[in-house]
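# Dropping a prediction and its sequence here:
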Amino acid sequence: MQTDLRNRFLEGMSRAATFVAVATTDGEAGRFGVTISSLTSVSADGDHPSLLACVHHLSPAATAILKNRAFCANLLGQNQQALSDLFAGRAKPDAPSRFEAVEWFAGPGGQPILAGATANFECKLATALLWETHYIIVGQVTAAWLSDEPAALLYGQRAYRKAVHLTED
Ligand SMILES: Cc1cc2nc3c(=O)[nH]c(=O)nc-3n(C[C@H](O)[C@H](O)[C@H](O)COP(=O)(O)O)c2cc1C
């Protein structure tokens, strides 16, 4: 692929501010979690609501989600930058491991529900497709938690951000 096109793609997509989530999973393949900006709502009106996430095929979390056939999409709150960095592998080398450093509990489906998230969606794996470098993972939501604090952490132009209300002039 042309380097210039790749760079323009990356720069263009960096301008699309997204919310930040951590996809967690637990089961026979072990407990893993990874920070993602690729969480997308698919449908509220199927058998179950559904969502998708794109996770790099070399991420241990992707392999574990496929084997455990379940995961939780934890939509981070505005003050959870440190947690996002932790699950993106950006913590200091001597920091405690990901699940020792955060508060969490197991949902009814056994998936790790991270405390402090603005919303948590526990999912059964519905399907997954390997496209180039990433698995597109579709989950059927089986349970959801909402915190009292609705402001989500955002990421855009390569930095954490928060949404501000536009005033009408
Ligand atoms: C804000 C943010 C968003 C990210 N979004 C994604 C994503 O959607 N999919 C993905 O595979 N990696 C994404 N990453 C990168 C992974 O979090 C990171 O590469 C990964 O955790 C490192 O691999 P490890 O889990 O093996 O340590 C994102 C990182 C950050 C900081």
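Thanks, I have the structure now.
# What are the boundaries of the strands in the protein?
18-19, 21-25, 32-36, 40-43, 50-56, 70-75, 104-106, 112-114, 119-131, 134-146, 154-156, 159-161 (DSSP state E).
# Now render the ones you listed as CSV, adding mean pLDDT, distance to the ligand and mean neighbour count.
All C-beta atoms are positioned from the backbone trio N, CA, C, and that covers glycine. Listed next are the strands of the chain as CSV, based on pLDDT from 0 to 100; distance: least, C-beta to the nearest ligand atom, whole Å; neighbours: other C-beta atoms under 10 Å:
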stretch, mean pLDDT, distance to the ligand, mean neighbour count
strand 18-19, 96, 8, 18
strand 21-25, 98, 8, 29
strand 32-36, 98, 3, 24
strand 40-43, 98, 10, 14
strand 50-56, 98, 4, 20
strand 70-75, 98, 11, 28
strand 104-106, 98, 16, 15
strand 112-114, 98, 14, 23
strand 119-131, 98, 12, 18
strand 134-146, 98, 6, 19
strand 154-156, 98, 4, 17
strand 159-161, 98, 7, 13
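# Columns distance to Ala91 on top of those, output as TSV?
What follows is the strands of the chain, written out as TSV (distance: least, C-beta to C-beta, whole Å):
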stretch	distance to Ala91
strand 18-19	21
strand 21-25	13
strand 32-36	11
strand 40-43	26
strand 50-56	18
strand 70-75	17
strand 104-106	16
strand 112-114	15
strand 119-131	21
strand 134-146	23
strand 154-156	17
strand 159-161	15
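# Arg90 is nearest to which of these?
With C-beta to C-beta as the criterion, Arg90 lies closest to strand 32-36 of those, at 8.7 Å.
# and for the closest one, what are the contacting residues?
20-25, 53-55, 59-62, 64-65, 84-85, 87-88, 98-99, 112, 114 (C-beta atoms under 8 Å, 6 or more residues apart in numbering).
# near the ligand, anything from the longest helix seen in the chain?
Longest helix in the chain by number of residues, with DSSP state H as the criterion: helix 3-14. No. Using C-beta under 6 Å from any ligand atom, helix 3-14 stays clear of the ligand, coming no nearer than 10.6 Å.
# Pull out the buried positions in that helix.
By neighbour count on 16 or more other C-beta atoms under 10 Å, the buried set for helix 3-14 is empty.
# For that helix, what does the pLDDT average out to?
For helix 3-14, the mean per-residue pLDDT is 96.
# how close does Asn7 sit to Ala128?
Remark: distance between Asn7 and Ala128 (C-beta to C-beta, to the nearest Å) = 29 Å.
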